[in-house]
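S.K.: below are the sequence and a predicted model; questions follow.
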Amino acid sequence: MNGKPYAESCEQNRAPILAVLKTWLTEPGLLLEIGSGTGQHAAGMAGELPHLRWQPTDVAENLPGIRRWRDDSGCENILEPLELDVAQTTWPIEQCDYVFTANTCHIMSWPLVCRMFEGVCGVIRSGGLFLIYGPFNYHGQYTAASNARFDQWLKTRDPDSGIRDIDELLPLAARHHMTLEADIEMPVNNRILVWRHR
């Protein structure tokens, strides 16, 4: 991959995620991506969403890889990647229309998930949409045996990580003036949760 970071999962989930983004993110605006990782989602999807300006962000050590994917993509609507740790008090943008994040909630500790919602509330416009992709539990239950195994692996690696439960996310979102607009089934036992900021 010409020295670029690469994640197989990004290639596998790009098309189904893009289909959802095309359905929901129909108006022109600025999309903030939290935890851009390798940069593959931005490079693979921004060109299909020319009405959006795509703002990649991640911790500092991931920015060079994101920049390489951005440069190779040739997409003029992908902005220069910015450093963002969700725990920081001041985020690097003042306002956006949409926020998208993939496979972050189960990697973060619960306090950082709370900080992410707080930070999104501070930058997203009224009526804006916050889309979260990943695996989720429902009422304390796994949706698949593979998710249970994945959660066990996560906790072995970091006891503070793990698949989040919708029953925890709903009141957290409500505290930050967000309501769940849609809960969309995705391949491989994943979901996209679509929250609207009121």
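M.R.: Okay, I see it. Every value quoted in this text rests on a predicted model; they were computed, and no experiment measured them.
S.K.: show me the contact partners of stretch 180-189.
M.R.: 12-13, 16-17, 20, 24, 129, 133, 135, 143-144, 146-147, 166, 170, 173, 191-196 (Cβ atoms under 8 Å, 6 or more residues apart in numbering). Any C-beta I mention is one placed from the backbone N, CA and C, and that applies to glycine too.
S.K.: kindly state the domain boundaries assigned to the chain.
M.R.: Per automatic domain parsing, the structural domains of the chain span 1-29+42-51+60-87, 103-111+136-198.
S.K.: dump the ones you listed into TSV; add mean neighbour count and distance to F117 as well.
M.R.: Output for the domains of the chain, formatted as TSV (neighbours: other Cβ atoms under 10 Å; distance: least, Cβ to Cβ, whole Å):
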stretch	mean neighbour count	distance to F117
domain 1-29+42-51+60-87	16	9
domain 103-111+136-198	15	5
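S.K.: check which helix or strand the residue sitting nearest the centre point of the chain maps to.
M.R.: For the chain, the residue nearest the mean C-alpha position is T101 (0.5 Å; Cα atoms, centre = their mean). Using DSSP states H and E, T101 sits within strand 96-102.
S.K.: output the contacting helices and strands for that strand.
M.R.: If you count contacts as 3 or more Cβ pairs under 8 Å, 6 or more residues apart in numbering; DSSP states H and E, strand 96-102 packs onto helix 8-24, strand 29-34, helix 110-123, strand 124-134.
S.K.: make a markdown table from these and add mean pLDDT to it.
M.R.: Formatted as a markdown table, those follow (pLDDT from 0 to 100):
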| stretch | mean pLDDT |
| --- | --- |
| helix 8-24 | 91 |
| strand 29-34 | 98 |
| helix 110-123 | 98 |
| strand 124-134 | 98 |
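S.K.: I'd like these as TSV, with distance to E181 appended.
M.R.: Output for these, formatted as TSV (distance: least, Cβ to Cβ, whole Å):
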stretch	distance to E181
helix 8-24	8
strand 29-34	16
helix 110-123	14
strand 124-134	7
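S.K.: closest to W69 out of those?
M.R.: Checking these against W69 by Cβ to Cβ gives helix 8-24 as the closest, at 9.8 Å.
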